[in-house]
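Novice: okay, here's the prediction I keep looking at, along with the sequence it came from:
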Amino acid sequence: MADNGRSLTPSRRTVLGAGALVAAALAARPPAAVAAQAPEPRDITFRAWRGAELAAGTHEGTAAADGGLTLVSPTATRDYADPFGDGSSATYDVGTWTSPVVEPGHDLTELVASWNADTPDRTWIEVQVRGTAEDATTTGWYVLGRWASDDPDDGGALHRTSVSGQGTEYATVYTDTLATLNDHTLHTWQLRVQLMRPSGATSTPTVRLVGAMASRLPDAKKVDASTPATAGSTELAVPPFSQELHRGHYPQWDNGGEAWCSPTSTSMVLASWGTGPTAADTAWVDPPVDPQVDYAARNVFDYRYDGAGNWPFNAAYAARFGLEGFVTRLRSLAEAEAFIAAGIPLVASVSFKESKLDGAGYSTNGHLLVIRGFTRSGDVIVNDPASHLIADDTQVRVIYDREQFENTWVPHSGGIVYVLHPADHPLPPAPPQANW
């Protein structure tokens with residue numbers, strides 16, 4: 001679920017936890033019965049197709065090679081009026097790729113897709129999902145995002161957007177997250193990607209990665225601190241950027257930089273890999289203070305959500321600069337330590353009251369920051385772009401208590417992270433129930 005801002009007012013989406021009924025049932029039992037229950041599993045799986053792997057599935061006017069999925073022979077046309085444009089409609093040639101059906105091996109109540117795509121010459125893509133419910137019903141298709149790399153003012157086809165109002169008996173989409181409703185679960189899922197180009201044109205979008213994280217999580221309000229997985233301290237070199245330096249910048253994108261935790265965090269990780277927008281790309285930014293942050297905010301902005309915290313939009317943005325980006329959930333900081341040991345910083349989604357995280361100096365109902373390392377005792381070294389609400393990059397690096405941090409992250413976002421890394425930089429070995 002997308003993150004934006006730091007207030008303690010209710011977020012734009014209020015979601016009943018998938019395990020709410022289980023939690024209520026446990027609460028009604030005698031204390032001894034509750035104590036005897038083993039912890040509920042944190043079921044999380046991730047499946048993606050990259051490059052030539054996209055030859056799998058069903059193709060209608062598309063083809064896959066090492067470079068990814070492209071539109072080769074359109075099979076349909078589509079009229080689309082950008083709801084955030086001037087109201088005019090354009091006609092696009094369409095090709096479609098439908099993934100194999102995925103059986104994750106567990107029921108799921110939430111799913112977040114990811115994609116890495118290039119969309120030149122006013123091309124664009126739409127990503128959809130459907131699933132099979134516990135009663136054997138196959139749901140309809142839900143739209144998870146309409147994406148173009150560039151805004152229309154920069155030659156893009158459309159204002160990138162999530163799609164609201166998709167609720168059915170079985171599920172709905174909360175900005176970037178498919179969530180089941182009415183106690184339903186899904187036991188399979190399937191993605192569909194539509195590739196669009198202006199009618200009669202020969203250009204094509206290229207989809208280099210598409211996949212999804214599926215999960216079913218307990219409704220626990222607190223977790224025990226995980227045991228540090230490695231001995232000694234490890235810290236990655238991640239440049240610090242403060243979102244507070246951008247207060248008042250470009251208010252058309254979610255009231256300006258004070259709410260830009262996600263693009264600021266994404267920009268820090270891009271910079272850690274030595275990539276990001278060029279000086280020419282950011283020449284329009286005024287004042288030019290960490291201008292890559294303003295550029296990122298513009299290019300991850302979700303016009304329906306009216307915010308820069310759409311999770312897959314941030315991962316897709318990072319992929320423009322030679323990285324592979326995807327969204328998944330981790331079960332604990334022990335799993336995060338595996339990424340740090342592999343040299344990969346993580347963008348993590350957290351939520352907390354000021355009293356629950358010593359040293360933060362603020363409260364938030366949804367915030368992104370960068371996990372960059374761990375101390376010898378296992379505490380978490382982060383680049384927090386809102387640290388102390390001080391407009392100073394030097395204040396961004398903070399060390400947070402391991403148990404406190406784990407409880408701002410795992411019970412609140414389910415352990416959401418952006419994994420952003422060069423495609424040739426290997427990920428750490430995945431656990432048996434693979435969530436990356």
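Specialist: Noted; the coordinates are in hand.
Novice: confirm A90 sits in a helix?
Specialist: No: counting by DSSP: H, G, I helix; E, B strand; the rest coil, A90 falls outside a helix, being strand.
Novice: which residues are in contact with it?
Specialist: By CB atoms under 8 Å, 6 or more residues apart in numbering, the contact list for A90 reads D79, Y80, A81, A157, P198, S199. Every residue, glycine included, has its C-beta placed from N, CA and C.
Novice: go with 10 Å
Specialist: Neighbouring residues of A90 by CB atoms under 10 Å, 6 or more residues apart in numbering: R78, D79, Y80, A81, D82, R122, A157, L158, M196, P198, S199.
Novice: what distance separates stretch 356-364 from the centre of its chain?
Specialist: Remark: stretch 356-364 is offset 23 Å from the chain centroid, using CA atoms, centre = their mean, to the nearest Å.
Novice: which residues sit against it?
Specialist: Here stretch 356-364 makes contact (CB under 10 Å, 6+ apart) with 3-8, 11, 261, 350-355, 367, 369, 382, 384, 386-390, 395, 398-401, 404-405, 407-408, 412.
Novice: tell me the buried residues in that stretch?
Specialist: Within stretch 356-364, the residues scored as buried using 16 or more other CB atoms under 10 Å are L357, A360, Y362, S363, T364.
Novice: span of it from start to end?
Specialist: 11 Å (CA to CA, to the nearest Å).
Novice: just to revisit the earlier point, filter the contacts of stretch 356-364 down to just the buried residues.
Specialist: Neighbour-count burial (16+ other CB under 10 Å) is assigned, among those, to 3-6, 11, 261, 350-352, 367, 369, 382, 384, 386-388, 395, 398-401, 404-405, 407-408, 412.
Novice: still on that earlier bit, what two of the contacts of A90 are the furthest from one another?
Specialist: D82 and S199 (15.5 Å; CB to CB).
Novice: neighbour count winner among the two?
Specialist: D82 (19 against 14; other CB atoms under 10 Å).
Novice: for Y92, see how far away the more buried one is.
Specialist: 11 Å (CB to CB, to the nearest Å).
Novice: same check, this time on R402
Specialist: 50 Å.
Novice: neighbour count for these two, which is higher?
Specialist: The neighbour count for R402 versus Y92, taken as other CB under 10 Å, is higher for Y92 (23 against 19).
Novice: how far away is the residue nearest to the more buried one when sequence neighbours are not counted from G68?
Specialist: Distances taken as CB to CB, 6 or more residues apart in numbering place M196 nearest to Y92, at 4.0 Å, with adjacent residues excluded. Plainly put, M196 is 16 Å away from G68 if you go by CB to CB.
Novice: who has more neighbours out of those two?
Specialist: M196 (29 against 23).
Novice: what about the helix or strand the more buried one falls within, average pLDDT?
Specialist: Secondary-structure assignment from DSSP states H and E places M196 in strand 186-198. What strand 186-198 shows for mean pLDDT is 98.
Novice: and the next element down the chain from it?
Specialist: Downstream of strand 186-198, the first helix or strand assigned by DSSP H and E is strand 206-216.
Novice: touching, N407 and S332? I think so.
Specialist: No: shown here, N407 and S332 do not form a contact pair, counting by CB atoms under 10 Å, at 11.1 Å.
Novice: quick check: neighbours shared by those two?
Specialist: With contacts taken as CB under 10 Å, 6+ apart, the residues that reach both N407 and S332 are V223, D224, A225.
Novice: secondary structure element for the last one?
Specialist: Mapping A225 onto the secondary structure by DSSP H and E places it in no helix or strand at all.
Novice: can you check H412 too?
Specialist: Applying DSSP H and E, one finds H412 within helix 402-413.
Novice: what about dumping the CA coordinates of that helix to CSV?
Specialist: Provided in CSV are the C-alpha atoms of helix 402-413 (Å, rounded to 0.1, in the frame of the first residue of the first chain):
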residue,chain,number,x,y,z
ARG,A,402,16.3,-3.4,16.3
GLU,A,403,13.1,-4.5,18.1
GLN,A,404,11.6,-1.0,17.8
PHE,A,405,12.3,-0.7,14.1
GLU,A,406,11.1,-4.3,13.3
ASN,A,407,7.8,-3.3,14.9
THR,A,408,7.4,-0.2,12.8
TRP,A,409,7.9,-2.2,9.7
VAL,A,410,6.7,-5.9,9.9
PRO,A,411,3.3,-5.5,11.5
HIS,A,412,2.5,-2.2,9.7
SER,A,413,3.4,-2.7,6.0
